[in-house]
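Peer 1: With the input below, show me the fold.
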Amino acid sequence: MADHSRPALKPALAVLGTLTALGLMGPFLANDKPLLVSDEAGRLSFPAAAGFPVVEALFGGPGEDSGRSAEPPPAGSWVLWPPVRYSYRGVALQEALLSPSSRHLMGTDALGRDILARVLNGASISLLVGFGATLVSLALGGLLGGAAGLRGGLSDLLLGRIIEVLGCFPPFLLAMALVAVSGGAGLPAVTLAIGIGRTAAAARFVRGEVLRFRGGVAWSAARSTGSSLPGILLRHILPLIAPPLLVQTVFGMAQAILLESGLSFLGVGLQPPIPSWGMVLAEGRATLEAAWWPILFPSLALALTLGSLAWAAERGTTERHP
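Peer 2: Below you'll find the predicted structure:
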């Protein structure tokens, strides 16, 4: 009986969908602003929709008022509050380093900020960096690997050397160097640096898949139709490698999130008050002798996310069918 294998996409899609939903819902799950306000005239407003951590990371934070509490809704209004009524950037020094309780389920940090709110909102930042860096690496790696595999000959030799040179540098050190050279540690710079750092892995994968396609009868059939090399890549090769490419995307996201966390933890990645998980961990390390909760819960969130992505990538590698 023949034994065939193909990538199992359900675990990868399920994990990606769950993490995407978590990243989008973070600001709506933890916020000091109401989700919905209906005043006495029946007019609706959505205060929680303003001040997303991703928007503030891209276009700048609120500045000096970052520690102030949100204004209460008008009297007589109907209000729908989020489950966690704390802002990820709300400073309350009188509540610094409170242990986990019914009021603060994960406790507070050295500035009195609710850790659960920072973990939930930090998911938006960390997952955005993971998605963005993976897309950058796939785009650049796809161009290099696809061109090398399709052209062959001297083009493959030259582009292959470029891929090898990029692969000689550990992704973490290359991303750190690129952030330092760019002179900034904002969200776009960190995302681009991590994506470039992982380009070699994506390029090797795409080149290998293209060369495998060129060795089969489908290549001769596609060439006999008179299709150009870019047309063959888009119409014939990409649909075939899309399932394994999705699995590689899941694996790449795990590595990108881990790289961002490491950069922010060392202080060369995203900077305060952006609530990435690496930044939250770095802040928790500073108070580790006085309190354990500021570093435990962000670590669990990061470990659970990376474990889920690794499980999905492993399950998605091959699925046997008789």
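
Peer 1: quick one, longest helix in the chain?
Peer 2: helix 115-151 (DSSP state H).

Peer 1: in that helix, what counts as buried?
Peer 2: 115-138, 140-142, 144-150 (16 or more other Cβ atoms under 10 Å). Every residue, glycine included, has its C-beta placed from N, CA and C.

Peer 1: For that helix, give the mean pLDDT please.
Peer 2: The pLDDT scores in helix 115-151 average 89.

Peer 1: just checking, next helix/strand downstream of that helix?
Peer 2: Using DSSP states H and E, the next helix or strand after helix 115-151 towards the C-terminus is helix 153-168.

Peer 1: same for the helix or strand just after that following helix, what does it pack against?
Peer 2: Per DSSP H and E, helix 153-168 leads on to helix 171-182 as the next helix or strand towards the C-terminus. The contact analysis (3 or more Cβ pairs under 8 Å, 6 or more residues apart in numbering; DSSP states H and E) places helix 171-182 against helix 187-197, helix 238-265.

Peer 1: looking at those, which is closest to residue 43?
Peer 2: Among the helices and strands packed on helix 171-182, helix 187-197 comes nearest to residue 43, with 33.9 Å by Cβ to Cβ.

Peer 1: what distance separates whichever helix or strand comes after the closest one from the centre of its chain?
Peer 2: As assigned by DSSP H and E, the chain's next helix or strand after helix 187-197 is helix 199-214. How far helix 199-214 lies from its chain's middle: 23 Å, per Cα atoms, centre = their mean, to the nearest Å.

Peer 1: which parts of helix 199-214 are buried?
Peer 2: So for helix 199-214, counting by 16+ other Cβ under 10 Å, buried means 199-207, 209-211, 213-214.

Peer 1: cool, stretch 259-269 as well?
Peer 2: Residues of stretch 259-269 classed as buried by neighbour count (16+ other Cβ under 10 Å): 259, 260, 261, 262, 263, 264, 265, 268, 269.

Peer 1: what's the spacing between the second one and residue 283?
Peer 2: Yep, that's residue 260 we're talking about. 15 Å (Cβ to Cβ, to the nearest Å).

Peer 1: So which residues make contact with the helix or strand that contains residue 313?
Peer 2: Assigned by DSSP H and E, residue 313 belongs to helix 293-315. By Cβ atoms under 8 Å, 6 or more residues apart in numbering, the list of residues contacting helix 293-315 from outside reads 8, 11-12, 14-16, 18-19, 97, 99-100, 106-107, 109-110, 115-116, 118-119, 122-123, 126-127, 247-248, 250-251, 253-254, 257-258, 261, 277, 280-281, 283-285, 287-288.
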